[in-house]
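Chemist: structure for the following, please:
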Amino acid sequence: MLLKKNIPFKYVFGKIKYEIIAIAIYATIIAVLYSYSHLTRITIPLAVPAVLGTVISLLLGFRSNQAYDRWWEARHIWGAIVNDSRSLARQVLSFTYDNYHSEEVQVFRQRIINRQIGWCYALGRHLRNQNALKGLEKYISKEEFDAISDIENTPTALLDNMGSDLHLALDKGWINSYQQVELDRTLSRLTDAMGKCERIKNTVFPHTYSLYIHLSLMLFIGLLPFGVIEYFGYVEVPLVVAISASFLLIEKMAIHLQDPFENKPTDTPMTTIARGIEKNLTQLYGKSTLHKTQKKKAPAYNAVADLLPAGKNGVDQELAEVSSVYVSSKKYFIL
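Modeler: Prediction:
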């Protein structure tokens, strides 16, 4: 995905350089024949390529709009994946609870969040027809990695394991049935987003429509020198090249935008989005773990702070003393 604001000139015209060279040679031949062979009958009314160019412009505009709609829908879907990934992490961290603050709950939270991060990377590679298992061993256990290695659709297998873990959490009493429904609803939205991406990828833009536009464009470029040679002479060579390049660039743009998951510079930046999700979820889990650790170490600190009068000198010192005594004696104080 091109993320720079200034697209290199070489990249833009590199896509049509061979067509431009062929058109320049063709237009030069027409100009030479007209000037030295005096073949004045090879000219045609300018209205002929003008009308054909108008029709092609409408067709190219329609195709460009359709291609951009596919690209924008893909980007919209991945925006929803970002939101649902954050919602899933937030729900897991806030819903799951254990009175004994067992290590098993912390492992469960970390497993869900890491699997969601791996799912985002796996979905991007799956849509690009790459190996979805590559790099996934960093986010899931070796046993789970071996279990899903034979499954063709890796993202679906990961979501299925998510559902199994939710059922485990419900059985363990870490979440209640209402929370399990909300978590499962988030997983369903992720599944729906994956299906929409696969629909865009597997729905091919009609080849006949593309072929007819391309043939019409070639006819227009072939007739254009005969329509302008009488008025411009040798200047028709750069003129024909410039007009042809404009139409060819619009056609190439539509071709690249219509396939947003083909690992091209113009596709949806799925890897970049997945990195952003990983950063957000990792920071969210780290903050939650730190908060719960502090809460577990000194549960009486906030309660004591509420009982002491506001604005009293030495309040922080008294709180520190009370918390220190509490930690050392492991007893609650009644003030």
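
Chemist: show me where this structure dips below the pLDDT cut-off.
Modeler: Within the chain, the segments meeting pLDDT under 70 span 1-9, 38-41, 99-101, 287-335.

Chemist: find the residue at the geometric middle of it.
Modeler: M270 (3.4 Å; Cα atoms, centre = their mean).

Chemist: so what does the one helix or strand A27 maps to touch, helix or strand wise?
Modeler: For A27, the element it lies in under DSSP states H and E is helix 17-36. Applying 3 or more Cβ pairs under 8 Å, 6 or more residues apart in numbering; DSSP states H and E, one finds that helix 17-36 contacts helix 207-232, helix 236-257. Just so you know, the C-beta spots here come from the backbone N, C-alpha and C atoms, and that holds for glycine as well.

Chemist: show me where this structure has helices.
Modeler: In the chain, the segments counted as helices under DSSP state H are 9-14, 17-36, 47-95, 103-127, 142-148, 154-172, 177-202, 207-232, 236-257, 270-297, 301-307, 315-329.

Chemist: so which of these is nearest L136?
Modeler: In terms of Cβ to Cβ, the element of the helices of the chain nearest to L136 is helix 103-127, at 5.0 Å.

Chemist: centre of the chain to the closest one, how far?
Modeler: 17 Å (Cα atoms, centre = their mean, to the nearest Å).

Chemist: cool, stretch 126-137 as well?
Modeler: So, by Cα atoms, centre = their mean, the centroid of stretch 126-137 is 15 Å from its chain's centroid.

Chemist: and what of stretch 44-55?
Modeler: Offset of stretch 44-55 from its chain centre (Cα atoms, centre = their mean): 42 Å.

Chemist: what of stretch 32-52?
Modeler: Averaging C-alpha positions (Cα atoms, centre = their mean) puts stretch 32-52 49 Å from its chain's average.

Chemist: would you indicate which residues of it are buried?
Modeler: Using 16 or more other Cβ atoms under 10 Å as the test for burial, stretch 32-52 gives 34, 43-44, 49, 52.

Chemist: and for that stretch, what's in contact with it?
Modeler: 30, 216, 219-220, 223-224, 226-231, 233-234 (Cβ atoms under 8 Å, 6 or more residues apart in numbering).
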